[in-house]
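*Asks:* Sharing a model that was predicted from the sequence below.
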Amino acid sequence: NLLLGCELTATTKSYTFQVDEEDNSDHILALSVVCLTDGAKDECNVVEVIGRNHENQEIAVPVANLKLSCQPLLSLDNFKLQPPVTFRLAAGSGPVHVAGWHRIMHREDASFEEDDDLSEEDEEDEEDEEELPPIMPAKK
């Protein structure tokens, strides 16, 4: 795992993370945190992730709306993305720091595909284990 970090500001509004597509590896980008850093004003700072969908069309999705007085930091819990990905400060002047991990998984030959095959029974068992706790109403 390699540490990834970039800062988005009024002068550097975007950062693109690219990989060498021909290195025969799978690349995963896991975002851990987006936060305002020293010098940020109390304004809305919207961070977008621009990537490609399954039809190879460019899509932009806002992932954070940070404001110094109410939400200066957002944990993204290792939100996984497939490079190439661009981070853009769509609103506000920052500075906003984006941090995460870049994981490189080297593809094995044919054995790589066989390991991914789960039987239907295994999948049902996994769903039972990952039962989420009920959502509690917010305290007022």
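*Replies:* Happy to help now that I have it.
*Asks:* On the pLDDT front, check Thr9 for me.
*Replies:* What the model reports for Thr9 is a pLDDT of 96.
*Asks:* Wait, it touches Arg88, no?
*Replies:* No: when contacts are counted by Cβ atoms under 8 Å, Thr9 is not listed as touching Arg88 (11.8 Å). To be clear about C-beta, it is placed using only N, CA and C from the backbone, and glycine gets the same treatment.
*Asks:* So what's the residue count around the closest residue to Arg88 other than its chain neighbours?
*Replies:* Taking Cβ to Cβ, 6 or more residues apart in numbering, and ignoring the residues beside it in sequence, Arg88 has Ser14 as its nearest neighbour in space, at 4.3 Å. Other residues near Ser14 come to 13 when the count uses other Cβ atoms under 10 Å.
*Asks:* Equivalent analysis for Leu29, please.
*Replies:* Neighbour tally, Leu29, other Cβ under 10 Å: 22.
*Asks:* Which strand or helix spans it?
*Replies:* Leu29 is part of strand 25-36 when elements are defined by DSSP states H and E.
*Asks:* Show me what that strand is packed up against.
*Replies:* Helices and strands touching strand 25-36, as assessed by 3 or more Cβ pairs under 8 Å, 6 or more residues apart in numbering; DSSP states H and E, comprise strand 45-52, strand 58-66, strand 73-81, strand 96-106.
*Asks:* what separates the first one from the chain centre, distance-wise?
*Replies:* Taking the mean C-alpha point of strand 45-52 and that of its whole chain, the gap between them comes to 9 Å (Cα atoms, centre = their mean, to the nearest Å).
*Asks:* What lies in contact with it?
*Replies:* Residues outside strand 45-52 that contact it (Cβ atoms under 8 Å, 6 or more residues apart in numbering): 8, 31, 34, 36, 58-67, 81-82, 84-94, 96, 98.
*Asks:* now that strand against strand 96-106, angle please.
*Replies:* Inter-element angle recorded for strand 45-52 and strand 96-106: 30 degrees (by axes from the mean of the first three to the mean of the last three Cα atoms, to 10 degrees).
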